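Participant: One predicted model, sequence on top.
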Amino acid sequence: MLTALRHWLLALAAILLLPTPALAEDGYDLWLRYRPLAAGGATALPTGVERRGDTPTLRAAEAELTRAFAAMAGGTPARGARVVLAGAADPEVARLNLPLADLGSEGYLIRQVRLGNAPAILITGNSDIGVLHGAFALLRHVNTGQALAGIELASAPRIGLRLLNHWDNLDGSVERGYAGESIWDWWTLPEYTGPRYTDYARANAALGINGTVLNNVNAKADSLTAPYLEKAAALAAVFRPYGIKVYLSARFSAPVELGGLPTADPLDPAVQAWWDAKATEVYRAIPDFGGFLVKANSEGQPGPRDYGRTHADGANMLARAVAPHGGIVMWRAFVYADTDPDDRAKQAYTEFKPLDGQFADNVLVQVKNGAIDFQPREPFHPLFGAMPGTPLMLELQITKEYLGYNTHLAYLGTMFEEVLDADTMLPAAGASVARVVDGSLDGHRLSGIAGVANIGADRNWSGSTFDQANWYAFGRLAWDHTLSAEAIAAEWAAQTFRPDPALTGPVAAMMMGSRQAVVDYMTPLGLAHLMGTGHHHGPAPWIADLARPEWNPAYYHRADRQGIGFDRTASGSNAVAQYAPPLAARFADPATTPEADLLWFHHLPWDHRMQSGRTLWAELVHDYDRGIGSVVQMRRQWDTLAPLVDAERHAETAAFLAIQQRDAQWWRDASIAYWRSLNGLPLPDGAAAPAHDLDWYKALSFPYAPGHPD
Ligand code: BDP
């Protein structure tokens, strides 16, 4: 007995002596990080949640609120009015005559009202999904430090299709990924659908993302076989209550590879019949399947051009197959061919513009933000505004393939905002890319926006804390492109760390300057595509010997003894002519071209005079150094925030910022060493010499860098 007591006491002492285990801050919670609210804060938490209706979606909304309020209360008794979840059809809600008409099928309205003669915070919408979105909006409101009393919010999405594109392969690898393996465990699906899939759906529904393409655009036909459809159906079942539909990338040659047909010619009736039957099979497995995404005749993928047919022929064939089931086709405009000697930046426009008006009405053409390929900065793609008869879907890259992967802090909210706000001037001023994409400019029924996901199996989902912000910013702007990147940054920081202006202000400031820093130290003044072949992690502007000309960095910078830059004016490729006449005129003249895009449009002598009074050469070096300086500044700023951020996430970001500074120096030094080998110019006054000679940088090799597709 005594021994037992002694053991018990010893065990108790051991427990008491243990340091209190800190709540794990591993980033898993994303923006759904519910922690006790500061005592005496603005929010009186609701006394309860009342759910009117019994659907999986309403139950999910209730579960989210209950879980959040319990965690936020931290033991303090609730004092606020109860929250009521009720659709517009609820008789009591109907009697309130609330302005619900503009909310569409996914929007929400939140108001403090009286229901059943007691005060209530009502979350309502025209559908259960609207109510769910409202529940997440209310939590965002509280989690950013705002009071519930008197709350009044209403919002509806401006763009219809708000999709993630996963570049995930069936073997678990992720093309251009850096956050671990794919989160889809195809091997254990469909039997095992672990909690991670639900948490994925929660995180996306909180932003209003309503669809996800599960597999890589460089698709395998196997995704369309019965076993894989069953696996996709299991994911669709998890996502359905959260208003998220499943889509698949389709391999154009699937009728040959799976069906044994001799051709995939879109005009061949047997091929059409194969796709019709396949679509029927897909919809039998997944009744609310969204549709197909297709990369065709690009970078080795099969497509209609293999049979002398147009992209419209290919898209329309698939569109006919999914139309009876209510499906859509997203046909990518990311095409360029080594057989086409014309400027790569012109090729998508040349190919697609003449097809305007020829696509079936359930087809969207999906266009990357810029005409080359997700570079740190590109002018907006000239197809925006140029195809008024076709709904154009904007494709953004959330994953930072060309912006330093997960170790460089680069907030893409500013980049997304830049392209959305760009004025196409077609047909006249005020025709922003956002208005093309949301369908309002040309009155399209369909509208869409896609983000290439940066999600992987890493515990923190995105490979770094700050890369979560890019997923977040994409989702928020997809819902409402009028939000500002800065407000989104502050809102993200409040939910991710704490709703304290002493933290959110400096963090948002770091984020707002971060993408320009990357532009500065990698590809200043409109330069592009200077990265190492294959891995895309570091600089290799000297590469000029790859088989396809447009895969060589030298193709893009065109630097020589006299000057640098790609002449896209009438004396060069004349890509400027693909823009609206006033823009074409502006871009045709170096004096009126924004300096940020100068070398994108012009080949200029090294001694060209810049607005600053410096020569182009001195300005380039200045920008590289400014980029490094910004990283140094971010490191300082982040250090001062140590008392306001948990140790685990603070240390990770601090370490990554150190890597970023090292890499920024590498980009700067390697680039300068190379430019000097061409121009023979001395370093501008005060500029430091590169740490190594050019050969040293050329000799670096990274065969095992993450994200490499092979
Ligand atoms: C490029 C990527 C490549 C993708 C391609 C695409 O390097 O891996 O397959 O885009 O968008 O940026 O299809």
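Facilitator: Ah, there it is.
Participant: how about stretch 589-597: buried residues?
Facilitator: Applying a neighbour-count criterion of 16 or more other CB atoms under 10 Å, one finds 590, 593, 595, 597 buried in stretch 589-597. All C-beta spots, glycine's among them, are computed from the backbone N, C-alpha and C.
Participant: Near the ligand, which residues of the stretch 301-450 of the chain are found?
Facilitator: Neighbours of the ligand within the stretch 301-450 of the chain, by CB under 6 Å from any ligand atom: 334, 373-374, 401.
Participant: Quick one: the strands in the stretch 201-350 of the chain, in order.
Facilitator: 211-213, 245-249, 291-294, 328-332 (DSSP state E, counting those that start in this stretch).
Participant: how far is the first one from where the chain is centred?
Facilitator: A distance of 12 Å separates the C-alpha centroid of strand 211-213 from that of its chain, computed with CA atoms, centre = their mean, to the nearest Å.
Participant: and that strand, anywhere near the ligand?
Facilitator: No - applying CB under 6 Å from any ligand atom, one finds strand 211-213 separated from the ligand by no less than 12.3 Å.
Participant: so what does that strand touch, helix or strand wise?
Facilitator: Secondary-structure packing of strand 211-213 (3 or more CB pairs under 8 Å, 6 or more residues apart in numbering; DSSP states H and E): strand 161-165, strand 245-249.
Participant: go on, the last one?
Facilitator: Taking 3+ CB pairs under 8 Å, 6+ apart as contact, the helices and strands that strand 328-332 lies on are strand 161-165, strand 291-294, helix 311-322, strand 363-368.
Participant: Figure out how far the longest one is from the centre of its chain.
Facilitator: Average the C-alpha atoms of helix 311-322, do the same for its chain, and the two points are 27 Å apart (CA atoms, centre = their mean).
Participant: What ranges does the stretch 601-710 of the chain have for its helices?
Facilitator: All helices of the stretch 601-710 of the chain, identified by DSSP state H, counting those that start in this stretch, fall at 616-640, 647-679, 694-699.
Participant: follow-up on the earlier one: please tabulate the residues of the stretch 301-450 of the chain next to the ligand in CSV, including the columns neighbour count and secondary structure.
Facilitator: Formatted as CSV, those follow (neighbours: other CB atoms under 10 Å; DSSP: H, G, I helix; E, B strand; the rest coil):
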residue, neighbour count, secondary structure
F334, 21, coil
D373, 18, coil
F374, 22, coil
E401, 22, coil
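Participant: part of a helix, is I449?
Facilitator: No - per DSSP: H, G, I helix; E, B strand; the rest coil, I449 lies outside any helix segment and is strand.
Participant: Kindly report the residues of this protein close to the ligand.
Facilitator: Residues of the chain lying near the ligand (CB under 6 Å from any ligand atom): 175-176, 217-218, 295, 299, 334, 373-374, 401, 709.
Participant: which residues in the stretch 301-450 of the chain form helices?
Facilitator: Per DSSP H, counting those that start in this stretch, the stretch 301-450 of the chain carries helices over the ranges 311-322, 344-352, 413-421, 433-437.
Participant: out of those, nearest to D268?
Facilitator: Between D268 and the helices of the stretch 301-450 of the chain, the shortest gap by CB to CB is with helix 311-322, which sits at 9.2 Å.
Participant: between the closest one and strand 363-368, how big is the angle?
Facilitator: Using axes from the mean of the first three to the mean of the last three CA atoms, to 10 degrees, the inter-axis angle of helix 311-322 relative to strand 363-368 is 130 degrees.
Participant: could you give the mean pLDDT of stretch 96-109?
Facilitator: Stretch 96-109 carries an average pLDDT of 97.
Participant: chain center to it: distance?
Facilitator: 28 Å.
Participant: Might you name the residue of the stretch 401-550 of the chain sitting closest to the ligand?
Facilitator: With CB to the nearest ligand atom, the shortest gap between the stretch 401-550 of the chain and the ligand falls at E401, namely 5.7 Å.
Participant: Mind telling me which residue of this protein is nearest the ligand?
Facilitator: Nearest residue of the chain to the ligand: D373, at 4.5 Å (CB to the nearest ligand atom).
Participant: List the contacts of that residue.
Facilitator: For D373, the contacting residues are 334, 402, 529, by CB atoms under 8 Å, 6 or more residues apart in numbering.
Participant: Need these in TSV (columns: distance to V436 and pLDDT).
Facilitator: Shown next, in TSV, are the contacts of D373 (distance: CB to CB, whole Å; pLDDT from 0 to 100):
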residue	distance to V436	pLDDT
F334	17	98
Y402	24	96
H529	25	97
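Participant: coming back round to it: in JSON lines: the residues of the chain next to the ligand, plus distance to D685.
Facilitator: Listed next are these as JSON lines, based on distance: CB to CB, whole Å:
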{"residue": "E175", "distance to D685": "44"}
{"residue": "R176", "distance to D685": "40"}
{"residue": "V217", "distance to D685": "48"}
{"residue": "N218", "distance to D685": "48"}
{"residue": "K295", "distance to D685": "49"}
{"residue": "E299", "distance to D685": "44"}
{"residue": "F334", "distance to D685": "43"}
{"residue": "D373", "distance to D685": "36"}
{"residue": "F374", "distance to D685": "36"}
{"residue": "E401", "distance to D685": "36"}
{"residue": "P709", "distance to D685": "43"}
